[in-house]
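Engineer: A predicted structure for the sequence below; I have some questions about it.
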Amino acid sequence: MFSCTDPKTLEGLHWLACYLTTGKHMAFYGSFGTVLLLLAVTAPAALIFGFAGAMAARSPIAPLRWFGKGYTAIVRGVPDIAFFLFFVIAVDQGIEWLRHQIKCPDWDMPIRQGNDFVVCTQAKMPLSNSAQWVHEAYGFAIAVFTFAIVFGAFAANVLYGAMRAVPKGQIETAEAYGLSRGQTFWRILVPQMWIFALPGLSNLWMILIKATPLLFLLGVQDIVYWARELGGSKIQVYDYPHSDWRLYYFLALLVFYLALTKVSEIVLARLTTRLSHGQATLAGEAQRRAA
């Protein structure tokens, strides 16, 4: 598109056009998609973990109930950044340890060697000769799993409270009509709980958006990583050297996140209006009066 040669021979808009279309900038633009993909995958995954945790916390089976309540209490009680840094390492080493036991049963050296975690070459995840996209996909998958575990615990607490907020009269009426416990749960409780859960889930979604820069700590080259790299001063000639432009790059991130939260607010407001229809809530009552 542009004739980009030695930056010293370029000036003005030509220099800027070449600078903004370098390979690193293309990776920077792609990292916005990485953040959106993380949100698109993590949100439903966290909701699944949360729903399972809430169901476990309500279970009449004591061990299952203890597990559900323990999951929410432990994860919510640990600072997010500490959990992210610990859990990613633990999961990665756990996977490699299992692969090591299967693929290298004759290994006679200790896996823990001082501060090093050493497994056989075949047990590495991913393998050292794997393509670059495999390494990136593996790191992204670990990040998604970690995000889902953490935010699933918060979602479990929200959904547990929403289930308890459904009027007991609805449950009693369902039982009086002969519905089983499972039918009452899926046909009466679950459809009605979402309107009570939505305020908490909305806040959780906003927190998830703000937590996406933690990808940088998990080794994923996200928008924060590239903003810091590209905004810093360059010293090599063919890297298009410039002064410290991090302010402008992080200002672009600010605009991106503000736009994303604004769109989220609009969507969540419409979803709230839709779910409130026919519900015994203030919003539902306002709709009935307006009708």
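Structural biologist: Everything's here; your move. Numbering: from 1, shown residues only.
Engineer: make it CA atoms for all contacts and neighbour counts henceforth
Structural biologist: Will do.
Engineer: what about the strands in the stretch 101-250 of the chain?
Structural biologist: Counting by DSSP state E, counting those that start in this stretch, the stretch 101-250 of the chain has strands at residues 112-113, 116-117.
Engineer: you'd agree Ile171 is up against Trp186?
Structural biologist: No - Ile171 is beyond contact range of Trp186, at 11.1 Å (criterion: CA atoms under 8 Å).
Engineer: hey, what's in contact with both of the two?
Structural biologist: Counting by CA atoms under 8 Å, 6 or more residues apart in numbering, no residue touches both Ile171 and Trp186.
Engineer: and those two? which has more neighbours close in?
Structural biologist: More crowded of Ile171 and Trp186, by other CA atoms under 10 Å: Ile171, with 16 against 11.
Engineer: which ones are touching the more buried one?
Structural biologist: Thr184, Ile188, Leu189.
Engineer: ok, and the most crowded of those?
Structural biologist: Leu189 leads those on contacts (other CA under 10 Å) with 22 neighbours.
Engineer: out of the contacts of Ile171, flag the one nearest to Thr121.
Structural biologist: Leu189 (50.9 Å; CA to CA).
Engineer: separation between that closest one and Lys168?
Structural biologist: Plainly put, Leu189 is 10 Å away from Lys168 if you go by CA to CA, to the nearest Å.
Engineer: now swap in Ala40 and tell me
Structural biologist: In terms of CA to CA, Ala40 sits 34 Å off from Lys168.
Engineer: ok, Phe49 next?
Structural biologist: For Phe49 relative to Lys168 (CA to CA), the value is 25 Å.
Engineer: comparing the two, which residue is more hemmed in?
Structural biologist: The neighbour comparison of Phe49 against Lys168 (other CA under 10 Å) goes to Phe49, with 20 against 11.
Engineer: just the helices in the stretch 1-150 of the chain please.
Structural biologist: 12-19, 23-57, 62-77, 80-103, 132-165 (DSSP state H, counting those that start in this stretch).
Engineer: wait, doesn't Ser243 sit right on Leu230?
Structural biologist: No - Ser243 is beyond contact range of Leu230, at 10.6 Å (criterion: CA under 8 Å).
Engineer: the more surrounded of those two?
Structural biologist: Using other CA under 10 Å as the criterion, Ser243 and Leu230 rank with Leu230 on top: 21 against 10.
Engineer: for the more buried one, what are its contacts?
Structural biologist: Residues in contact with Leu230 (CA under 8 Å, 6+ apart) are Lys24, His25, Trp245, Arg246, Tyr249.
Engineer: filter those residues to the buried ones?
Structural biologist: Arg246, Tyr249 (16 or more other CA atoms under 10 Å).
Engineer: which among the contacts of Leu230 gets closest to Ile111?
Structural biologist: Lys24 (37.6 Å).
Engineer: now do the contacts for that closest one.
Structural biologist: With contacts defined as CA under 8 Å, 6+ apart, Lys24 is in contact with Trp226, Leu230.
Engineer: before we move on, the earlier item: among the contacts of Ile171, name the ones in helices.
Structural biologist: The helices, defined by DSSP state H, take in Thr184 from the contacts of Ile171.
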